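A.B. asks: Below is the structure, and that's it, no one-letter string:
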(Lines give C-alpha, C1' and ligand atoms only; values in the text may rest on other atoms or scores of the structure.)
Protein backbone atom coordinates (compact mmCIF):
# COMPACT_ATOMS: atom_id res chain seq x y z
CA UNK A 1 0.00 0.00 0.00
CA UNK A 2 1.22 3.48 -0.90
CA UNK A 3 2.67 5.57 1.92
CA UNK A 4 1.33 9.12 2.13
CA UNK A 5 3.12 12.17 3.46
CA UNK A 6 1.41 15.30 4.77
CA UNK A 7 3.51 18.40 5.27
CA UNK A 8 2.84 20.64 8.23
CA UNK A 9 4.73 23.88 8.78
CA UNK A 10 7.36 22.40 11.12
CA UNK A 11 7.05 18.64 10.67
CA UNK A 12 5.86 15.83 8.39
CA UNK A 13 3.22 13.17 8.91
CA UNK A 14 3.99 9.81 7.29
CA UNK A 15 0.95 7.53 6.89
CA UNK A 16 0.55 3.92 5.77
CA UNK A 17 1.46 0.27 6.10
CA UNK A 18 5.21 -0.20 6.80
CA UNK A 19 5.72 3.55 7.26
CA UNK A 20 7.67 2.56 10.37
CA UNK A 21 10.51 1.47 8.06
CA UNK A 22 11.21 5.16 7.39
CA UNK A 23 12.17 5.75 11.05
CA UNK A 24 15.94 5.50 10.56
CA UNK A 25 16.01 7.86 7.57
CA UNK A 26 13.73 10.34 9.36
CA UNK A 27 16.12 10.45 12.33
CA UNK A 28 19.07 11.04 9.99
CA UNK A 29 17.23 13.90 8.31
CA UNK A 30 15.86 15.61 11.40
CA UNK A 31 18.28 14.64 14.20
CA UNK A 32 21.70 14.27 12.50
CA UNK A 33 23.68 14.57 15.77
CA UNK A 34 21.56 12.05 17.67
CA UNK A 35 23.43 9.30 19.55
CA UNK A 36 20.96 8.22 22.23
CA UNK A 37 17.30 7.36 21.78
CA UNK A 38 14.81 7.02 24.64
CA UNK A 39 11.71 5.03 23.79
CA UNK A 40 8.70 5.77 26.00
CA UNK A 41 6.59 2.71 25.25
CA UNK A 42 3.13 1.52 26.20
CA UNK A 43 3.44 -2.04 27.55
CA UNK A 44 0.58 -3.09 25.25
CA UNK A 45 2.64 -2.50 22.10
CA UNK A 46 3.00 -5.83 20.23
CA UNK A 47 6.49 -7.31 20.68
CA UNK A 48 6.72 -7.93 16.93
CA UNK A 49 6.47 -4.20 16.17
CA UNK A 50 8.82 -3.22 18.99
CA UNK A 51 11.46 -5.63 17.64
CA UNK A 52 11.04 -4.04 14.22
CA UNK A 53 11.52 -0.56 15.71
CA UNK A 54 14.67 -1.65 17.56
CA UNK A 55 16.11 -3.07 14.33
CA UNK A 56 15.64 0.32 12.70
CA UNK A 57 17.50 1.94 15.60
CA UNK A 58 20.50 -0.41 15.84
CA UNK A 59 22.94 2.42 15.08
CA UNK A 60 21.89 4.28 18.25
CA UNK A 61 22.16 3.68 21.98
CA UNK A 62 18.61 2.70 22.89
CA UNK A 63 16.96 3.03 26.30
CA UNK A 64 13.41 1.78 26.77
CA UNK A 65 11.01 3.14 29.39
CA UNK A 66 7.92 0.93 29.59
CA UNK A 67 4.69 2.43 30.91
CA UNK A 68 1.33 0.88 31.77
CA UNK A 69 -0.64 3.57 30.05
CA UNK A 70 -3.69 5.08 31.78
CA UNK A 71 -5.06 8.53 32.56
CA UNK A 72 -4.21 7.88 36.23
CA UNK A 73 -0.44 7.87 35.59
CA UNK A 74 -0.61 10.85 33.24
CA UNK A 75 0.64 13.26 35.89
CA UNK A 76 3.58 15.45 36.88
CA UNK A 77 5.05 12.72 39.12
CA UNK A 78 5.47 10.39 36.14
CA UNK A 79 7.07 13.23 34.15
CA UNK A 80 9.60 13.76 36.94
CA UNK A 81 10.52 10.06 36.81
CA UNK A 82 11.20 10.28 33.07
CA UNK A 83 13.30 13.43 33.46
CA UNK A 84 15.32 11.91 36.29
CA UNK A 85 16.15 8.87 34.10
CA UNK A 86 17.15 11.07 31.15
CA UNK A 87 19.43 13.19 33.36
CA UNK A 88 21.08 10.11 34.87
CA UNK A 89 21.72 8.80 31.34
CA UNK A 90 23.12 12.21 30.34
CA UNK A 91 20.82 12.76 27.36
CA UNK A 92 21.65 15.89 25.34
CA UNK A 93 19.31 18.17 23.41
CA UNK A 94 20.66 16.65 20.18
CA UNK A 95 19.45 13.21 21.26
CA UNK A 96 15.92 11.92 20.78
CA UNK A 97 12.77 10.83 22.58
CA UNK A 98 10.25 8.64 20.71
CA UNK A 99 6.76 8.15 22.09
CA UNK A 100 5.26 4.79 21.10
CA UNK A 101 1.68 4.33 22.21
CA UNK A 102 -1.68 6.03 22.35
CA UNK A 103 -2.51 9.63 23.13
CA UNK A 104 -1.47 9.36 26.78
CA UNK A 105 2.04 8.24 25.83
CA UNK A 106 2.28 10.87 23.08
CA UNK A 107 1.15 13.66 25.41
CA UNK A 108 3.64 12.65 28.12
CA UNK A 109 6.57 12.00 25.77
CA UNK A 110 5.93 15.32 24.04
CA UNK A 111 5.72 17.19 27.35
CA UNK A 112 8.95 15.65 28.63
CA UNK A 113 10.62 16.56 25.32
CA UNK A 114 9.42 20.16 25.56
CA UNK A 115 10.83 20.81 29.04
CA UNK A 116 13.92 18.58 29.16
CA UNK A 117 16.88 20.96 28.83
CA UNK A 118 14.39 23.41 27.25
CA UNK A 119 13.69 21.11 24.33
CA UNK A 120 14.99 17.79 23.04
CA UNK A 121 14.19 16.12 19.69
CA UNK A 122 10.85 14.29 19.68
CA UNK A 123 9.25 11.81 17.27
CA UNK A 124 5.68 10.63 17.76
CA UNK A 125 4.74 7.08 16.78
CA UNK A 126 1.03 6.83 17.68
CA UNK A 127 -0.29 3.28 18.02
CA UNK A 128 -4.04 3.82 18.42
CA UNK A 129 -6.52 5.16 15.88
CA UNK A 130 -7.54 7.88 18.34
CA UNK A 131 -3.95 9.10 18.67
CA UNK A 132 -3.30 8.83 14.93
CA UNK A 133 -6.16 11.15 13.96
CA UNK A 134 -6.13 13.48 16.96
CA UNK A 135 -3.50 13.93 19.66
CA UNK A 136 -0.44 13.32 17.46
CA UNK A 137 -1.26 16.44 15.42
CA UNK A 138 -1.11 20.03 16.57
CA UNK A 139 1.69 20.11 19.14
CA UNK A 140 -0.38 19.84 22.31
CA UNK A 141 1.43 18.06 25.13
CA UNK A 142 0.64 17.71 28.80
CA UNK A 143 -0.57 15.85 31.84
CA UNK A 144 -3.59 15.84 34.12
CA UNK A 145 -4.08 17.50 37.48
CA UNK A 146 -6.47 16.60 40.29
CA UNK A 147 -8.32 19.72 39.13
CA UNK A 148 -8.86 18.58 35.55
CA UNK A 149 -7.55 17.02 32.37
CA UNK A 150 -4.44 18.33 30.54
CA UNK A 151 -4.16 21.42 32.74
CA UNK A 152 -0.34 21.20 32.87
CA UNK A 153 1.33 21.25 29.48
CA UNK A 154 2.93 23.02 26.56
CA UNK A 155 2.78 23.39 22.79
CA UNK A 156 5.66 21.48 21.19
CA UNK A 157 5.84 19.93 17.74
CA UNK A 158 7.59 16.64 16.99
CA UNK A 159 10.22 16.37 14.26
CA UNK A 160 8.00 13.87 12.49
CA UNK A 161 4.85 11.82 13.12
CA UNK A 162 4.87 8.25 11.78
CA UNK A 163 1.40 6.71 11.49
CA UNK A 164 1.92 2.96 11.08
CA UNK A 165 -1.45 1.42 10.24
CA UNK A 166 -0.23 -2.09 11.17
CA UNK A 167 -0.43 -1.00 14.83
CA UNK A 168 -4.21 -0.96 14.54
CA UNK A 169 -4.55 -4.70 13.93
CA UNK A 170 -3.92 -5.34 17.62
CA UNK A 171 -6.63 -2.93 18.82
CA UNK A 172 -9.87 -4.19 20.37
CA UNK A 173 -13.03 -2.95 18.64
CA UNK A 174 -13.73 -0.58 21.52
CA UNK A 175 -10.49 1.29 20.79
CA UNK A 176 -11.24 1.45 17.07
CA UNK A 177 -14.62 3.08 17.76
CA UNK A 178 -12.87 5.60 20.03
CA UNK A 179 -10.61 6.66 17.18
CA UNK A 180 -13.54 6.77 14.83
CA UNK A 181 -15.16 9.30 17.21
CA UNK A 182 -12.52 11.90 16.32
CA UNK A 183 -12.68 11.07 12.61
CA UNK A 184 -16.44 11.66 12.75
CA UNK A 185 -15.95 14.90 14.67
CA UNK A 186 -13.60 16.26 12.01
CA UNK A 187 -16.12 15.47 9.27
CA UNK A 188 -19.05 16.99 11.21
CA UNK A 189 -17.33 20.29 11.94
CA UNK A 190 -15.52 20.86 8.66
CA UNK A 191 -16.21 18.62 5.66
CA UNK A 192 -19.64 17.51 4.40
CA UNK A 193 -18.09 15.42 1.61
CA UNK A 194 -16.04 13.55 4.19
CA UNK A 195 -19.20 13.04 6.28
CA UNK A 196 -20.90 11.49 3.23
CA UNK A 197 -17.81 9.32 2.73
CA UNK A 198 -18.18 8.10 6.33
CA UNK A 199 -21.84 7.33 5.75
CA UNK A 200 -20.75 4.91 3.01
CA UNK A 201 -17.57 3.54 4.57
CA UNK A 202 -17.92 3.53 8.37
CA UNK A 203 -18.19 -0.26 8.47
CA UNK A 204 -14.98 -0.54 6.42
CA UNK A 205 -13.21 1.74 8.88
CA UNK A 206 -14.45 -0.15 11.94
CA UNK A 207 -13.36 -3.46 10.36
CA UNK A 208 -9.93 -1.96 9.53
CA UNK A 209 -10.10 -2.13 5.74
CA UNK A 210 -6.55 -0.97 4.91
CA UNK A 211 -7.29 1.25 1.92
CA UNK A 212 -10.38 2.97 3.37
CA UNK A 213 -8.74 3.30 6.78
CA UNK A 214 -5.60 4.99 5.42
CA UNK A 215 -7.73 7.37 3.36
CA UNK A 216 -9.85 8.21 6.41
CA UNK A 217 -6.79 8.86 8.57
CA UNK A 218 -5.27 11.09 5.89
CA UNK A 219 -8.44 13.16 5.41
CA UNK A 220 -8.95 13.45 9.15
CA UNK A 221 -5.35 14.58 9.71
CA UNK A 222 -5.71 17.19 6.95
CA UNK A 223 -8.74 18.69 8.69
CA UNK A 224 -7.00 18.88 12.05
CA UNK A 225 -3.90 20.39 10.42
CA UNK A 226 -6.09 23.05 8.83
CA UNK A 227 -7.02 24.27 12.31
CA UNK A 228 -3.75 23.75 14.17
CA UNK A 229 -1.55 25.38 11.54
CA UNK A 230 -3.71 28.51 11.49
CA UNK A 231 -4.10 28.72 15.28
CA UNK A 232 -1.24 26.80 16.89
CA UNK A 233 -1.73 28.05 20.46
CA UNK A 234 -5.53 27.79 20.46
CA UNK A 235 -6.39 31.48 20.66
CA UNK A 236 -9.53 31.19 18.57
CA UNK A 237 -10.25 29.13 15.45
CA UNK A 238 -8.68 25.92 16.77
CA UNK A 239 -11.29 25.82 19.54
CA UNK A 240 -13.80 24.55 16.96
CA UNK A 241 -12.07 21.19 17.46
CA UNK A 242 -13.61 21.18 20.94
CA UNK A 243 -17.03 20.25 19.56
CA UNK A 244 -18.38 17.80 22.15
CA UNK A 245 -15.27 17.99 24.32
CA UNK A 246 -16.58 20.24 27.08
CA UNK A 247 -19.06 17.58 28.14
CA UNK A 248 -16.60 14.79 27.29
CA UNK A 249 -13.85 16.01 29.61
CA UNK A 250 -16.33 16.64 32.43
CA UNK A 251 -17.68 13.08 32.14
CA UNK A 252 -14.15 11.67 32.12
CA UNK A 253 -13.28 13.50 35.34
CA UNK A 254 -16.53 12.37 36.93
CA UNK A 255 -15.60 8.78 36.09
CA UNK A 256 -12.15 9.37 37.59
CA UNK A 257 -10.45 8.58 34.26
CA UNK A 258 -11.43 4.95 34.78
CA UNK A 259 -11.89 2.26 32.16
CA UNK A 260 -15.65 2.73 32.55
CA UNK A 261 -15.44 5.57 30.03
CA UNK A 262 -12.44 6.29 27.83
CA UNK A 263 -11.79 9.47 25.89
CA UNK A 264 -13.24 8.46 22.52
CA UNK A 265 -16.43 7.20 24.15
CA UNK A 266 -16.74 10.44 26.11
CA UNK A 267 -16.34 12.40 22.86
CA UNK A 268 -19.12 10.39 21.20
CA UNK A 269 -21.39 11.22 24.14
CA UNK A 270 -20.28 14.86 24.28
CA UNK A 271 -20.92 15.39 20.56
CA UNK A 272 -24.38 13.86 20.89
CA UNK A 273 -25.24 16.19 23.79
CA UNK A 274 -23.89 19.19 21.84
CA UNK A 275 -25.97 18.09 18.84
CA UNK A 276 -29.14 17.91 20.95
CA UNK A 277 -28.47 21.39 22.33
CA UNK A 278 -27.79 22.68 18.81
CA UNK A 279 -31.24 21.53 17.72
CA UNK A 280 -32.83 22.80 20.97
CA UNK A 281 -31.32 26.28 20.41
CA UNK A 282 -32.51 26.12 16.76
CA UNK A 283 -28.94 26.45 15.52
CA UNK A 284 -29.21 23.37 13.34
CA UNK A 285 -32.21 22.00 11.45
CA UNK A 286 -34.12 18.81 12.22
CA UNK A 287 -32.62 17.37 9.02
CA UNK A 288 -29.03 18.07 10.11
CA UNK A 289 -29.75 16.58 13.53
CA UNK A 290 -31.25 13.46 11.95
CA UNK A 291 -28.31 12.96 9.57
CA UNK A 292 -25.88 12.70 12.47
CA UNK A 293 -28.27 10.80 14.71
CA UNK A 294 -28.97 8.18 12.02
CA UNK A 295 -25.23 7.53 11.58
CA UNK A 296 -24.94 7.06 15.36
CA UNK A 297 -27.88 4.64 15.28
CA UNK A 298 -26.85 2.65 12.20
CA UNK A 299 -23.44 1.78 13.62
CA UNK A 300 -24.46 1.61 17.32
CA UNK A 301 -21.85 4.20 18.22
CA UNK A 302 -23.25 4.76 21.70
CA UNK A 303 -23.46 0.99 22.28
CA UNK A 304 -23.52 0.44 26.03
CA UNK A 305 -22.87 4.11 26.83
CA UNK A 306 -26.48 5.08 27.52
CA UNK A 307 -25.91 4.95 31.29
CA UNK A 308 -23.66 8.01 30.86
CA UNK A 309 -26.35 9.80 28.84
CA UNK A 310 -28.83 9.89 31.72
CA UNK A 311 -29.90 13.27 33.06
CA UNK A 312 -28.53 12.59 36.55
CA UNK A 313 -25.07 11.64 35.26
CA UNK A 314 -24.77 14.63 32.94
CA UNK A 315 -25.92 17.08 35.62
CA UNK A 316 -23.35 15.69 38.08
CA UNK A 317 -20.56 16.20 35.55
CA UNK A 318 -21.29 19.88 34.89
CA UNK A 319 -19.46 21.03 38.03
CA UNK A 320 -16.17 19.83 36.50
CA UNK A 321 -16.49 22.25 33.58
CA UNK A 322 -15.46 25.20 35.72
CA UNK A 323 -11.77 24.22 35.45
CA UNK A 324 -11.79 23.58 31.70
CA UNK A 325 -8.52 24.93 30.30
CA UNK A 326 -10.29 26.63 27.38
CA UNK A 327 -12.49 28.72 29.68
CA UNK A 328 -11.41 32.38 29.87
CA UNK A 329 -14.10 33.77 32.17
CA UNK A 330 -16.79 32.58 34.58
CA UNK A 331 -18.95 31.24 31.78
CA UNK A 332 -18.54 27.91 30.00
CA UNK A 333 -17.90 28.11 26.26
CA UNK A 334 -19.44 25.62 23.82
CA UNK A 335 -19.15 24.84 20.13
CA UNK A 336 -22.49 23.96 18.51
CA UNK A 337 -23.45 22.65 15.09
CA UNK A 338 -25.16 24.73 12.38
CA UNK A 339 -24.87 22.41 9.38
CA UNK A 340 -22.74 19.40 8.53
CA UNK A 341 -19.35 21.05 8.01
CA UNK A 342 -20.16 24.29 9.84
CA UNK A 343 -20.15 25.12 13.55
CA UNK A 344 -20.66 28.21 15.67
CA UNK A 345 -17.59 30.36 16.31
CA UNK A 346 -15.46 29.97 19.45
CA UNK A 347 -16.74 32.26 22.20
CA UNK A 348 -20.06 32.81 20.44
CA UNK A 349 -22.05 30.71 22.93
CA UNK A 350 -21.20 30.92 26.61
CA UNK A 351 -23.36 29.87 29.53
CA UNK A 352 -23.29 29.96 33.30
CA UNK A 353 -23.45 26.62 35.10
CA UNK A 354 -27.12 26.97 36.03
CA UNK A 355 -28.01 27.71 32.39
CA UNK A 356 -26.30 24.50 31.23
CA UNK A 357 -28.17 22.56 33.90
CA UNK A 358 -31.49 24.05 32.78
CA UNK A 359 -30.87 22.94 29.17
CA UNK A 360 -29.96 19.41 30.24
CA UNK A 361 -33.08 19.13 32.40
CA UNK A 362 -35.23 20.04 29.40
CA UNK A 363 -33.46 17.72 26.96
CA UNK A 364 -33.09 14.52 28.99
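C.D. replies: That came through, no problem. Because the structure is predicted, anything quoted here is derived from the model rather than measured.

A.B. asks: Buried residues in whichever strand or helix holds residue 354, which are they?
C.D. replies: Element membership for residue 354, per DSSP states H and E: helix 353-363. By neighbour count on 16 or more other CB atoms under 10 Å, the buried set for helix 353-363 is 356, 357, 359, 360. Every C-beta, even on glycine, is put in place using the N, C-alpha and C of the backbone.

A.B. asks: hang on, isn't residue 275 packed against residue 289?
C.D. replies: Yes. Applying CB atoms under 8 Å, one finds residue 275 in contact with residue 289, separated by 6.2 Å.

A.B. asks: Who has more neighbours out of these two?
C.D. replies: Shown here are residue 275 and residue 289; by other CB atoms under 10 Å, residue 275 has more neighbours (22 against 16).

A.B. asks: what are the ranges of the strands in the stretch 1-150 of the chain?
C.D. replies: Taking DSSP state E, counting those that start in this stretch as the test, the strands found in the stretch 1-150 of the chain are 4-7, 12-16, 36-42, 61-67, 96-101, 121-126, 140-145, 148-155.

A.B. asks: could the ones you listed go into TSV alongside mean neighbour count and distance to residue 173?
C.D. replies: Shown next, in TSV, are the strands of the stretch 1-150 of the chain (neighbours: other CB atoms under 10 Å; distance: least, CB to CB, whole Å):
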stretch	mean neighbour count	distance to residue 173
strand 4-7	14	25
strand 12-16	21	22
strand 36-42	23	18
strand 61-67	15	24
strand 96-101	27	19
strand 121-126	27	18
strand 140-145	22	26
strand 148-155	17	25
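
A.B. asks: Serialize the ones you listed to a markdown table and add fields for mean pLDDT and distance to residue 308.
C.D. replies: Supplementary listing: the strands of the stretch 1-150 of the chain in a markdown table, determined by pLDDT from 0 to 100; distance: least, CB to CB, whole Å:
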| stretch | mean pLDDT | distance to residue 308 |
| --- | --- | --- |
| strand 4-7 | 88 | 34 |
| strand 12-16 | 93 | 32 |
| strand 36-42 | 97 | 25 |
| strand 61-67 | 97 | 27 |
| strand 96-101 | 98 | 25 |
| strand 121-126 | 98 | 26 |
| strand 140-145 | 92 | 19 |
| strand 148-155 | 89 | 16 |
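
A.B. asks: could the ones you listed be laid out in CSV, adding distance to residue 167?
C.D. replies: Output for the strands of the stretch 1-150 of the chain, formatted as CSV (distance: least, CB to CB, whole Å):
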stretch, distance to residue 167
strand 4-7, 16
strand 12-16, 12
strand 36-42, 10
strand 61-67, 16
strand 96-101, 9
strand 121-126, 8
strand 140-145, 20
strand 148-155, 23
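
A.B. asks: Low-confidence bits of the stretch 251-364 of the chain, can you list those?
C.D. replies: Applying pLDDT under 70 to the stretch 251-364 of the chain picks out residues 323-329.
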